[in-house]
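# please find the sequence and the predicted model below.
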Amino acid sequence: MKTALITGANRSIGFEATRQLLKLGYYVYLGARDLSKGREAAEQLKSEGLTNVEAVSLDVSSLASIKEAREQLGQKINALDVLINNAGILGGMEQPALTADVNVVREVFETNYFGVIEVTQSFIDLLRASAAPRIVNVTSGLGSVSLQADPHWKYYQVKTAAYGPSKSALNHYTIVLAYELRDTAFKVNAVDPGYTATDFNHHSGPGTVEDAAARLVRLATIGEDGPTGGFFSDDNNPKTGISPW
């Protein structure tokens with residue numbers, strides 16, 4: 001049975017991605033900063049008959065928490081097939097360039113960028129042990145420098161001094177990581193789930209968590225002929241599914 005770890009998976013898109021992978025036959029480790037909430041989420045899935053799920057305490061902004069989660073999983077599995085770096089924070093709705101609280105900017109980067117690096121580095125040995133490892137970094141159209149500079153883009157007016165730049169950095173890291181793993185069985189991609197109605201944005205988005213999660217799962221389960229080092233977004237480019245960096 002293939003295994004997957006999803007960070008920030010106790011609610012919204014991460015929770016739905018967990019559900020969809022379970023339906024595909026994966027055993028999913030549901031990462032949650034608050035273990036009690038993670039266990040509640042896991043119990044809900046089990047009540048739906050999706051029993052191959054286990055909550056894991058994992059705060060991506062804490063290296064100690066990441067290391068502890070790695071140690072726990074290492075006692076249960078010899079290989080990890082899928083890592084979805086989903087956990088992320090917004091940092092508030094107003095982030096002007098000239099007045100943004102730099103401490104908030106640092107906090108956003110700690111979770112959205114540095115956390116991804118530390119989780120990936122900590123679990124890379126388990127991923128290397130998989131015959132077909134997949135890494136999905138959950139990004140955003142707001143992290144596309146090309147789109148942010150395009151006055152004709154539908155979200156051009158949405159500018160953030162913390163969140164968008166943290167996802168731009170994540171996109172660049174995805175490129176570097178995919179390049180480093182180019183001659184292996186790894187597939188590493190950045191996926192924009194789209195503007196989705198979740199707690200993250202006070203349910204203001206037009207998209208559904210089901211569609212958003214399906215985008216992550218599609219890239220998490222691609223075959224050996226699938227892409228790597230790409231930035232995918234059905235929301236920004238529904239025809240090709242490829243987003244400009």
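Yes, it's here.
# neighbours around residue 1, how many?
Applying other Cβ atoms under 10 Å, we find 8 residues neighbouring residue 1. (C-beta placed from N, C-alpha, C; glycine too.)
# just the one 3 residues further on next, same as before
Residue 4 has 26 neighbours, counted by other Cβ under 10 Å.
# and for residue 128?
Residue 128 - counted by other Cβ under 10 Å - has 14 other residues nearby.
# OK, contacts around the residue minimising distance to the centre of the chain?
Nearest to the mean C-alpha position of the chain, by Cα atoms, centre = their mean, lies residue 86 at 2.4 Å. Going by Cβ atoms under 8 Å, 6 or more residues apart in numbering, residue 86 touches 6-9, 13-14, 17, 136, 138, 216.
# helices - which of these land there?
Of those, the ones assigned to helices by DSSP state H are 13-14, 17, 216.
# list the contacts of the closest residue to residue 185 other than its chain neighbours.
Computed as Cβ to Cβ, 6 or more residues apart in numbering, the closest residue to residue 185 that is not its neighbour in sequence is residue 132, at 5.4 Å. Counting by Cβ under 8 Å, 6+ apart, residue 132 touches 81, 185, 187, 223-224.
# also residue 63?
Per Cβ under 8 Å, 6+ apart, neighbours of residue 63: residue 118.
# report the buried residues of stretch 32-52.
32-33, 38-39, 41-42, 45, 50 (16 or more other Cβ atoms under 10 Å).
# before we move on, what about stretch 76-88?
Applying 16+ other Cβ under 10 Å to stretch 76-88 flags 77, 80-88 as buried.
# ok so, going back, among the buried residues of stretch 32-52, which are in helices?
Those of the buried residues of stretch 32-52 lying in helices (DSSP H): 38-39, 41-42, 45.
# so which of the ones in helices among the contacts of residue 86 is the most crowded?
Ranking these using other Cβ under 10 Å puts residue 17 first, with 31 neighbours.
# surely residue 56 meets residue 72?
Yes: the pair residue 56 and residue 72 qualifies as a contact (Cβ atoms under 8 Å) at a distance of 6.5 Å.
# more neighbours, these two?
residue 56 (24 against 14).
# now what about the helix or strand that one falls within, what contacts it?
Secondary structure assignment for residue 56, by DSSP states H and E: strand 53-57. Applying Cβ under 8 Å, 6+ apart, the external contacts of strand 53-57 come out as 5, 10, 18, 22, 27-33, 35, 38-39, 41-42, 45-46, 65, 68-69, 72-73.
# try stretch 160-176
By Cβ under 8 Å, 6+ apart, stretch 160-176 touches 90-92, 95-97, 100, 104-105, 108-109, 111-113, 116-117, 137, 139-140, 142-145, 148, 188-190, 229, 231, 245.
# ok, of those, which come out buried?
Buried, going by 16+ other Cβ under 10 Å: 90-91, 95, 100, 104-105, 108-109, 111-113, 116, 137, 139-140, 142-144, 148, 188-190, 229, 231, 245, out of the contacts of stretch 160-176.
# low pLDDT regions in this structure?
Along the chain, segments meeting pLDDT under 70 span 197-206, 236-239.
# next SSE after the lengthiest helix in the chain?
As assigned by DSSP H, the longest helix anywhere in the chain is helix 163-180. In the C-terminal direction, the helix or strand that comes right after helix 163-180 (DSSP H and E) is strand 187-191.
# quick one, that following strand and helix 163-180 angle?
160 degrees (axes from the mean of the first three to the mean of the last three Cα atoms, to 10 degrees).
# can you pull the phi/psi pair for the closest residue in space to residue 8 that isn't next to it in sequence?
Spatial nearest neighbour of residue 8, chain neighbours left out: residue 87 (3.0 Å); criterion: Cβ to Cβ, 6+ apart. Reported as degrees, to the nearest 10, the phi and psi values for residue 87 are phi -60, psi 140.
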